[in-house]
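Chemist: pasting the sequence and the predicted coordinates here, then a few questions.
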Amino acid sequence: MSPRIWFLRIVSILAYIFLWAPVIVIIVFSFSANKFGIRWEGFTLQWYYELLDNQTVWDACIRSLVIALVTVVVSTALGTLTAYGLYKLKFRGKQLLRTSILLPIVMPEVVTASALLVFFIKVTPLTLGYPTIIIAHIVFSTPLAVFVILGRMQRIDWAWEEAAMDLGATRIRAFRRVIGPVLLPGIAGAAALIFPWSFDDFVITYFVAGIGNTTLPIYIFSQLRHGSSPVVNVIGTLFVLFTSVSLLLFMLAEKKSRTTMGT
Amino acid sequence: MPDYIKTSTKKKEGGKPAEKQSNGGVFPELIKYLGPIITIQLLFVLAPLVIILLFSLLQTGAYGKIIYAFTFDNYMKLIGGGYGMVFIKSFFYAVQTNVMCIIVAYPLAYYITRYGKRWKMFFIFMIIIPSWTAYIIRLYALKTIVGSHGIINNCLMGVGLIDTPIQFLYTPFAVSVGLVYTWLPFMVLPLFAAMEGLDSSMWEAAEDLGATPFRRFFRITLPLTRGGLLAGSILVMIPALGDWLVPYLLGGSKVMMAGMVVAHKFTTLGDIPAGSCMATALASVLLLILYFAIKWGGREALEQSL
């Protein structure tokens, strides 16, 4: 093995250690008996039990779940429709539209967040709360769905749709019966990607949540302000576990969509 | 023409999108498929940006009350006051983060692409997982690691290299580390996507013909992954420029960045005109960067790497 490969390997290993160190610290200290969650003082499951009894956490968790679920459903539906339109139609201003759709992904969250906040409180009659949070989440999640699904559409054999339509199917029926099923892994993948994203979002939610609508990340933020706590480490551990499963599903869906399309 | 010929010619075109050419016929379809997203874009992406531009031209009275009178005061304060420096520093941090991410991400992406074999997707999975979740908790964990009683200091003291803990936290160094930590995966993924599309026999041929690693990188890898590099830079530099939590948590009040000032104006002071001014200035710098990155060909790679 040449020294060059060793160089690549060492850089890679260090990068992985760097990325994983905080996660490992979270997981390890979620089992530590130390009250401040920063030192190892023997194994305990105490914090996990404490979490089960913590009503505030559960309320926040349910709030985040509801928001993430609505966001996922609306964003993937909208994303599919948009991707279909972008793929099929040719029109002036298409590039402009695509760039504009990219904006919420690349913009720093504080910019999106403050723009939406001012817009909500000064222009719309909405009061800050569920509607504003959900709108904000849809705004920053839909672009992700659009481009994930658009990527899948580029790998589909569209002759099938044409064949179905030649045989008398309407566009909608052709989509439902032919393209939809082929696309489904891609759509499911987008959903699996968006769910943790929406669930974990702090900055934008914090801006547009108003008073009293504590989502889980907002709860975590308020807890950690007073220093780290073992219960938060437990939440972090569960987060990582939950996201791993969700993303694993995404990757499986991805793999499946590649094999079904034979590309 | 008999029917079967028609279908056979249609099948040939099947691989390509059946695009509608005439602009007159496309309009109803356009509204049907793209109407909702256009509405959302206009209403919740572009309108809010215009709104903060307008509010940035208003004045703030006592108790954060908005005075509806036109003024450039906020921008004057931005340039003349200390915030101009904050902006320049943020820009410096963003560029530095981007460079650091490129330096780490290239070898990493290259290693995964060429030597990952059937573990490729697993390696990528291991990069996405820690970056996709529990953002605030991870930043706090990072804070615990670099803190004065953290793991790094304890190790160094345990080994006997230092006697007193080194103050990493609340220094520009900690902020730099935090920024690279947060945004590194967003550089690795587009680069990996770009390299994955390349034919690896090119590298092998170059190796066989005796090109040095250095030369291979600058003559093959870099030119062919330019799109991925631009996409990664968009995804790293722009969000890093406006990052709030990293300077807030790891920099304390010692290191100021533009995103932090925006957040402070809005969430703590409730000063809408001044906050809008900062956000508008930030947004325009970012749009400028985005414009050039897309002009140089980063868009396609950006869309594909998502």
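Modeler: Perfect, I can see it now. These numbers come from a predicted model, not from an experiment.

Chemist: pick out the residue of chain A closest to chain B.
Modeler: Nearest residue of chain A to chain B, counting by CB to the nearest CB: residue A:108, 2.4 Å away. To be clear about C-beta, it is placed using only N, CA and C from the backbone, and glycine gets the same treatment.

Chemist: so what's that residue closest to, chain neighbours aside?
Modeler: residue B:242 (2.4 Å; CB to CB, 6 or more residues apart in numbering or on different chains).

Chemist: which stretches in the stretch 201-306 of chain B count as strands?
Modeler: Remark: no strands are assigned in the stretch 201-306 of chain B by DSSP state E, counting those that start in this stretch.

Chemist: let me know the pLDDT of the residue of it found nearest chain A.
Modeler: In the stretch 201-306 of chain B, no residue comes nearer to chain A than residue B:242, which is 2.4 Å away by CB to the nearest CB. Residue B:242 is assigned a predicted lDDT (pLDDT) of 89.

Chemist: that one and residue B:263 touch, don't they?
Modeler: No - shown here, residue B:242 and residue B:263 do not form a contact pair, counting by CB atoms under 8 Å, at 9.5 Å.

Chemist: re earlier: what's the local residue count around the residue of chain A closest to chain B?
Modeler: 24 (other CB atoms under 10 Å in any protein chain shown).

Chemist: I figured it hits residue B:247, correct?
Modeler: No - applying CB under 8 Å, one finds residue A:108 not in contact with residue B:247, separated by 11.9 Å.

Chemist: quick one: common contacting residues for these two?
Modeler: residue B:259 (CB atoms under 8 Å, 6 or more residues apart in numbering or on different chains).

Chemist: what about the strands in the stretch 51-200 of chain B?
Modeler: Under DSSP E, counting those that start in this stretch, the stretch 51-200 of chain B gives strands at B:59-60, B:66-67.

Chemist: which residue is nearest the middle of chain B?
Modeler: Centroid check for chain B by CA atoms, centre = their mean gives residue B:235 as the closest residue, at 2.4 Å.

Chemist: and the residue of chain A closest to chain B, what pLDDT?
Modeler: 89.

Chemist: for it, give me its contacts.
Modeler: Applying CB under 8 Å, 6+ apart, the residues near residue A:108 are B:238-239, B:241-244, B:259, B:282, B:286.

Chemist: 6 Å - rerun?
Modeler: B:239, B:242, B:259 (CB atoms under 6 Å, 6 or more residues apart in numbering or on different chains).

Chemist: ok, and the most crowded of the residues you listed?
Modeler: residue B:259 (30 neighbours).

Chemist: quick one: that residue and residue B:285, what's the gap?
Modeler: 12 Å (CB to CB, to the nearest Å).

Chemist: so what does the nearest residue to residue A:44 once chain neighbours are set aside have for phi and psi?
Modeler: With CB to CB, 6+ apart as the criterion, residue A:44 has its nearest non-adjacent residue at 4.4 Å, and that residue is residue A:33. Reported as degrees, to the nearest 10, the phi and psi values for residue A:33 are phi -70, psi -10.

Chemist: hang on, isn't residue A:33 packed against residue A:39?
Modeler: No - the criterion here is CB atoms under 6 Å, and residue A:33 misses it with residue A:39 at 9.3 Å.

Chemist: coming back round to it: distance check, the residue nearest to the centre of chain B against residue B:229.
Modeler: From residue B:235 over to residue B:229 (counting by CB to CB), the distance is 11 Å.

Chemist: next one: residue A:94
Modeler: Counting by CB to CB, the gap from residue A:94 to residue B:229 is 25 Å.

Chemist: so which of the two has more stuff around it?
Modeler: More crowded of residue A:94 and residue B:229, by other CB under 10 Å: residue B:229, with 24 against 14.

Chemist: middle-most residue in chain A, spatially?
Modeler: Chain A has residue A:197 as the residue nearest its centroid, 2.3 Å off, counting by CA atoms, centre = their mean.

Chemist: which helix or strand contains the residue nearest to that one when sequence neighbours are not counted?
Modeler: Sequence neighbours aside, residue A:141 is the residue nearest to residue A:197 in space, at 6.3 Å (criterion: CB to CB, 6+ apart). Per DSSP states H and E: residue A:141 is located in helix A:130-153.
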